[in-house]
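Novice: what follows is a predicted protein model with its sequence.
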Amino acid sequence: MSTFAHRTFTVLATLTMGLSVPAVAHTQIPGAIDTGTVVITNSDRLVVTVNPASATATQITGTIRNTTGNSFRCAVPGVRGNEYPGQVTEAKIVERSMTYYSRNIFQPIGGVELDVDGPIRLDPLNFGSMLDYFPTGSMIEPLGNTRAEYMNIQAAQDDARIKGHTGDPRVGGATVFNVSANATVNWSAQLGTPATGIRTDFDAAAMFYCKNTSGSPQRDYVFAGYEPGYVPTT
C-alpha cells in the first residue's frame, strides 16, 4: 500500500471510530473527511478569458475582469497561510476539475493535520499548483466515486504536463495577486517543456482560486476560462 493510501486509510479508520473534527457549514457526509472549504464554481463575479494560441505558442495569455465593486485575492490557499498559483492546462481537464470542485470539499495544499496523539498528515496528490488542491471527502458522492474521478484527473494532468501543456499563470510576474474593484488584469503562463518531441496543439484553459477581500460575506470561488472554440458541456 502506498504512503498516501495508507495515510488515507488511517485517517478514515480513525474518523470511523468517532474522532471529532471541526466542521464547515454543510451537511456531514458519512465516511467523508469534513475539514475543508466549500467553494462557488458558477459565479461570474470574475470573468476569465483565454486568448487564442497557435500550435507553436510557448505561452498562454488572457485576462481576468472583476465585474464587482469588491476587490479579490487570487491565490490557492495552503496550510500555515501559504499561497500557491492557479493553473493553465488542457481545457478538458479544467472542465472536469470545475465539475469536481462543484461537488466536493476543498483541502488546503499541504494536507490536513489531525491532532490525534500527534498529527496525522493527509497529503495531497502531486498535480502541481492549483491541481494539488483536491479533497478526499465528498459533499454528495460516495468516497469511492470521488476517489476514482480524483485519480482520473490526476492521470490526465500528469499526461498534460509531460506534453508541455501546463503552466502557472502570472499577473505582473506574480503567481498570486489582487484584482481591484471593477478592474481588469492581464495574465500569462509560460508552458512547460515537453518531455519528448515537440509540443502538440491543444485547447487551453485557466483556473483561478479567488476570494473577495472587501465586501461581505467573504466567500471562496474557483473561476475558469477557456480558449475560444472550446465549449464546456458540463
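Specialist: Perfect, I can see it now.
Novice: for stretch 165-184, C-alpha coordinates in CSV please.
Specialist: Output in CSV follows, covering the C-alpha atoms of stretch 165-184 (Å, rounded to 0.1, in the frame of the first residue of the first chain):
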residue,chain,number,x,y,z
HIS,A,165,0.5,21.7,-21.9
THR,A,166,0.7,23.2,-18.4
GLY,A,167,1.9,26.4,-16.8
ASP,A,168,1.5,28.7,-13.8
PRO,A,169,-0.4,32.0,-14.7
ARG,A,170,1.2,35.2,-13.5
VAL,A,171,0.0,38.8,-13.3
GLY,A,172,2.8,41.3,-13.4
GLY,A,173,5.2,38.5,-12.8
ALA,A,174,3.4,37.3,-9.6
THR,A,175,1.7,34.0,-9.3
VAL,A,176,-0.6,35.3,-6.5
PHE,A,177,-2.2,38.7,-7.0
ASN,A,178,-5.1,41.0,-6.2
VAL,A,179,-7.8,42.2,-8.6
SER,A,180,-9.2,45.6,-7.7
ALA,A,181,-12.8,46.5,-7.9
ASN,A,182,-14.1,46.8,-11.5
ALA,A,183,-10.5,46.3,-12.8
THR,A,184,-9.2,44.0,-15.5
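Novice: how about it: buried residues?
Specialist: His165, Thr166, Gly167, Asp168, Pro169, Arg170, Val171, Thr175, Val176, Phe177, Asn178, Val179 (16 or more other Cβ atoms under 10 Å). Yep, even glycine has a C-beta here, placed from its N, CA and C like the rest.
Novice: name the nearest residue to the second one, sequence neighbours excluded.
Specialist: Spelled out, it's Thr166. Thr89 (4.7 Å; Cβ to Cβ, 6 or more residues apart in numbering).
Novice: host element of that neighbour?
Specialist: Thr89 is part of strand 87-90 when elements are defined by DSSP states H and E.
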